[in-house]
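Engineer: How does the following fold in three dimensions:
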Amino acid sequence: MSAHTDESRRLRAHGVLMMIVSVGLLPALSWAEQSITDDRVLRVREGSSARQYAVEDLVAAIGLAELEVAKDPHFGPNRVFAGFALKPLLDHIGLGDAPELLLVCADGYRIPFDASALSRSQPRALLAIRDTALPANGGPHWAAYRHGTETISFDPFYLVWASTDEGADLGTETLPWPFQLTEIHRFDRVAYFAPARPPERAGDAPRLGFGIYTAHCGKCHRMRGVGGDVGPVLDRQGSLSSALTTAQLRDYVRHDGTGYPQSKMPQFSKLLSPTEIDQVTAYLQAMQPAR
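Structural biologist: You can find the predicted model right below:
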């Protein structure tokens, strides 16, 4: 990177940082922290078009803010994160008008997001770049986190939520909390999941199960080539979906925490009704290669 580029960034950081995002968030961070040097980048995709934004350029354009999160699902209670308020960020990167987004993470997690949640004053969202409990001196940005059998960092970005409504559902199956977030895509849910739609002849249960699958399962698993890469592909020959009996597959979908203790999969026994679990099971079976 040229010295001219570095100097331009320093000038922007000192000259444009009056645009600090603080509506609904904690007060803006100190001048010293606004003038950070950070080589992380956020990538953006719209169809075949791709672009990227460096953290220090985003700081110069929209400013850093803090968000206090009463109960973070990964790190626990009373966390304060520094980062970019999500709505101004999306406006700046050209996605502020997108009704839906796809959030893509380094570990293969790909989560659809209904951006209409941002049109309301609550909850508030922040694309976090660090946990303020840790020193802002070039060290780790996050506490170490145990994910399945791994201990990981949440770099480069982590999307967090907070609300003044104590009864608001901010759970990970209601709102996206992706960590290791690397890309944001303009997104069309219907077109994206179209290859994974069951045939009409499959019947009502697989059709209903498909809707549940796209809401909860497709972010981690692939079906007909679309979805995430965190969990195993679910429609290849010899996959669990094809090898297990109906009862065994239903237990796998339920995932009550007893059968696969190291799995990253949520306990759907707590999130889905027995009928919904049956419908997802029917969908998985209808999509197997031999069927």
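Engineer: Tell me where this structure has helices.
Structural biologist: In the chain, helices defined by DSSP state H lie at 3-15, 31-34, 55-62, 86-92, 189-193, 204-216, 240-243, 246-254, 274-286, listed in chain order.
Engineer: and of these, who's closest to T174?
Structural biologist: For the helices of the chain, the distance to T174 is smallest for helix 204-216, at 10.3 Å, taking Cβ to Cβ. The C-beta positions use only the backbone N, C-alpha and C, and glycine is treated the same way.
Engineer: okay, the angle between that closest one and helix 274-286?
Structural biologist: Angle of helix 204-216 versus helix 274-286, following axes from the mean of the first three to the mean of the last three Cα atoms, to 10 degrees, is 100 degrees.
Engineer: list the helices and strands helix 204-216 packs on?
Structural biologist: If you count contacts as 3 or more Cβ pairs under 8 Å, 6 or more residues apart in numbering; DSSP states H and E, helix 204-216 packs onto helix 189-193, helix 274-286.
Engineer: average model confidence for the longest one?
Structural biologist: Read that as helix 274-286. Across helix 274-286, the average pLDDT comes to 96.
Engineer: what sits up against that helix?
Structural biologist: 198-199, 202-203, 205-210, 212-213, 216-217, 234, 241, 246, 249-250, 253-254, 268-269, 272, 291 (Cβ atoms under 8 Å, 6 or more residues apart in numbering).
Engineer: if we go to 6 Å?
Structural biologist: For helix 274-286, contacts defined as Cβ atoms under 6 Å, 6 or more residues apart in numbering pick out 198, 202, 205-206, 208-210, 212-213, 241, 249-250, 253-254.
Engineer: could those be laid out in JSON lines, adding neighbour count and pLDDT?
Structural biologist: Below are those laid out as JSON lines (neighbours: other Cβ atoms under 10 Å; pLDDT from 0 to 100):
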{"residue": "P198", "neighbour count": "22", "pLDDT": "96"}
{"residue": "A202", "neighbour count": "18", "pLDDT": "91"}
{"residue": "A205", "neighbour count": "18", "pLDDT": "97"}
{"residue": "P206", "neighbour count": "24", "pLDDT": "96"}
{"residue": "L208", "neighbour count": "18", "pLDDT": "97"}
{"residue": "G209", "neighbour count": "26", "pLDDT": "97"}
{"residue": "F210", "neighbour count": "25", "pLDDT": "97"}
{"residue": "I212", "neighbour count": "20", "pLDDT": "96"}
{"residue": "Y213", "neighbour count": "24", "pLDDT": "96"}
{"residue": "S241", "neighbour count": "24", "pLDDT": "76"}
{"residue": "L249", "neighbour count": "20", "pLDDT": "90"}
{"residue": "R250", "neighbour count": "17", "pLDDT": "92"}
{"residue": "V253", "neighbour count": "27", "pLDDT": "91"}
{"residue": "R254", "neighbour count": "20", "pLDDT": "88"}
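Engineer: Right, I'll leave it there.
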